[in-house]
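A.B. asks: 3D, please:
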Amino acid sequence: MRIIALTSAGKALAERILQHYPNGTLDYKPKPFAEQVQAAFIAQEPMIFICATGIVMRTLAPVLQDKYQDPPILVMDELGQFVIPLLSGHEGGANEWAAQIAKKIQAQLVMTTAKDYLNPVYTLGMGCERNCPLSYLEDIMLETLQQKGLTPNDIASLNSIDIKADETQLIALAQKYQWPFHTYSADALMAMEPLLSTRSEYVFNTVGVYGVAESAALLAAQNASNASPELVVNKRKNTKATCALARGFSKT
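C.D. replies: Sure, this is the predicted structure:
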């Protein structure tokens, strides 16, 4: 993630944002401006511009392709009052990213796309080997959140299949991050089967559902929001655990 700032006030705002995104970088008055910005765009780098929207559009116009290929682009005013997802709102994740930043710095999210992303509900689903160590669970969980720039504070609940209801380290993980821990029957999880990114016959033959992590995350997101859930991060795994992230949208 790269922040482009053109004024001293914009630079101060960028430094404030980067406190929440330590892996991000700041480009203060990059020169030559157009060449630097266009190169980052072509390299698929998500960017926040702290400047006028017109400057951004005129600069990026020569390299724009479509909403499926362009990286997410946000625009902010130098006072940090407003966050605008300008490009790749749905497909590229700019809406979601803008909502995160608005929440972190107490700014106003300005949405121009049709779907309301103001109140996303994020839920984690996890599966694991019996007696899986906490470190394996925590590592894969943090990697999953990092993929979307989220933190544990953004998560509404941790979820799994009911045969994991007594899994001590899943319980410990939920307690560490103060999440509710929910488990569901295989029959309930099977309702999410059409939304899965992958289907494992081995897992189905073992526990009766084609994917524990994705199914549990999706069902929890649906229950929390009363709306159609969607996968935000498909199942990730290490040698002992799996993790997936889903999202719904609250009515409040």
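
A.B. asks: So which bits of stretch 31-42 are buried?
C.D. replies: 37-38, 40-41 (16 or more other Cβ atoms under 10 Å). Heads up, the C-betas are built off the backbone N, CA and C, glycines and all.

A.B. asks: who touches stretch 35-44?
C.D. replies: Identification of contacts with stretch 35-44 by Cβ atoms under 8 Å, 6 or more residues apart in numbering yields 2, 4, 27, 30, 47, 59-60, 62-63, 70-71, 73.

A.B. asks: brain fart, stretch 192-206
C.D. replies: Taking Cβ under 8 Å, 6+ apart as the rule, stretch 192-206 contacts 127, 209-212, 214-215, 218-219, 222, 229-231, 234-235.

A.B. asks: Pull out the buried members of the residues you listed.
C.D. replies: Here, 16+ other Cβ under 10 Å leaves 127, 209-212, 214-215, 218-219, 222, 229, 231, 235 buried among these.

A.B. asks: quick one: low-confidence parts of the stretch 51-200 of the chain?
C.D. replies: 89-92, 112-118 (pLDDT under 70).

A.B. asks: Strands of the stretch 151-252 of the chain, start to end?
C.D. replies: 155-161, 181-184, 230-237, 241-249 (DSSP state E, counting those that start in this stretch).

A.B. asks: Mind checking these for the one nearest to residue 87?
C.D. replies: Closest to residue 87 of these, according to Cβ to Cβ: strand 230-237, at 19.1 Å.

A.B. asks: CA-only coordinates of the closest one, as PDB, when you get a sec.
C.D. replies: Output of strand 230-237 as PDB, limited to C-alpha atoms (Å, rounded to 0.1, in the frame of the first residue of the first chain):
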ATOM      1  CA  GLU A 230     -19.500 -13.700   0.800                       C
ATOM      2  CA  LEU A 231     -16.000 -15.000   1.100                       C
ATOM      3  CA  VAL A 232     -13.400 -12.300   1.600                       C
ATOM      4  CA  VAL A 233     -10.400 -14.600   1.900                       C
ATOM      5  CA  ASN A 234     -10.700 -18.200   0.600                       C
ATOM      6  CA  LYS A 235      -9.400 -21.000   2.800                       C
ATOM      7  CA  ARG A 236      -5.800 -20.700   3.800                       C
ATOM      8  CA  LYS A 237      -3.900 -23.500   5.500                       C
END
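
A.B. asks: Off-centre distance for it?
C.D. replies: 10 Å (Cα atoms, centre = their mean, to the nearest Å).

A.B. asks: contacts for it?
C.D. replies: Counting by Cβ under 8 Å, 6+ apart, 96, 122, 140, 143-144, 147-148, 195-198, 211, 213-214, 217-218, 221, 242-248 sit against strand 230-237.

A.B. asks: out of those, which are buried?
C.D. replies: Here, 16+ other Cβ under 10 Å leaves 96, 122, 140, 144, 148, 195-196, 211, 213-214, 217-218, 221, 242-248 buried among those.

A.B. asks: quick one: which helix or strand includes the closest residue to residue 98 other than its chain neighbours?
C.D. replies: In space, and not counting its chain neighbours, residue 98 is closest to residue 85: 4.1 Å by Cβ to Cβ, 6 or more residues apart in numbering. For residue 85, the host element (DSSP states H and E) is strand 82-87.

A.B. asks: what helices or strands is that strand leaning on?
C.D. replies: When contacts are defined as 3 or more Cβ pairs under 8 Å, 6 or more residues apart in numbering; DSSP states H and E, strand 82-87 sits against helix 53-60, strand 73-76, helix 94-105, strand 108-109.
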